[in-house]
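Undergrad: Dropping the sequence and predicted coords here.
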Amino acid sequence: MSPDEYERIKEAEKEHLRKIRKLKELAKQAERRNKVSGAVGDMASSLESLLDEHREMTDRLTRDAALQEARLEISLEAAEARADAADLEAADEETLASLRAKETVARMKGTPSGTPEKSSVKAPEKTPSEPPPPMPEKTIGRMKR
């Protein structure tokens, strides 16, 4: 082998090695690009899934809030109705209590249903066949029959 041939083979081998090195470098760059693009794709898909989950939770919270608001409104309406009924009931109880008091006072005076009776007219005597008058609901102490 002559020195010129040796130099030519040596230069060809160097050129071959440079091409291999360049190809290896390009392969590394391509691999890096693939890894980066894969990581970006993973991040994008995880971000998309997080956004979907966020939308789902927001929708669920909105539905729950609407349900609770509706329950609250119905409860408030029912409370208002109960308050109105309680006011009416209290007024009815007051009038009923005043009527009972008048009736009790009249009964104690010996007149039926609160109309004053003249002393010249005698109250009819009770017979055993007649039922006893109704007892008042509220009394002070015990009542004997």
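TA: That came through fine.

Undergrad: tell me, what residue is most central in the protein?
TA: Residue closest to the mean C-alpha point of the chain, counted by Cα atoms, centre = their mean, is Gln68 at 3.4 Å.

Undergrad: what helix or strand is it on?
TA: Taking DSSP states H and E as the definition, one finds Gln68 inside helix 3-109.

Undergrad: what separates that helix from the chain centre, distance-wise?
TA: Relative to its chain's centre, helix 3-109 lies at 18 Å (Cα atoms, centre = their mean, to the nearest Å).

Undergrad: Glu137: what secondary structure?
TA: coil (DSSP: H, G, I helix; E, B strand; the rest coil).

Undergrad: Name all residues that make contact with the nearest residue to it once chain neighbours are set aside.
TA: Nearest residue to Glu137 in three dimensions, chain neighbours excluded: Arg100, at 7.3 Å (Cβ to Cβ, 6 or more residues apart in numbering). Yep, even glycine has a C-beta here, placed from its N, CA and C like the rest. Taking Cβ atoms under 8 Å, 6 or more residues apart in numbering as the contact definition, Arg100 lies against Pro136, Glu137, Lys138.

Undergrad: In CSV, list the residues you listed along with pLDDT.
TA: Listed next are the contacts of Arg100 as CSV, based on pLDDT from 0 to 100:
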residue, pLDDT
Pro136, 71
Glu137, 75
Lys138, 74
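
Undergrad: Neighbour-wise, give me the winner out of those.
TA: Highest neighbour count within the contacts of Arg100, by other Cβ atoms under 10 Å: Pro136, with 12 neighbours.
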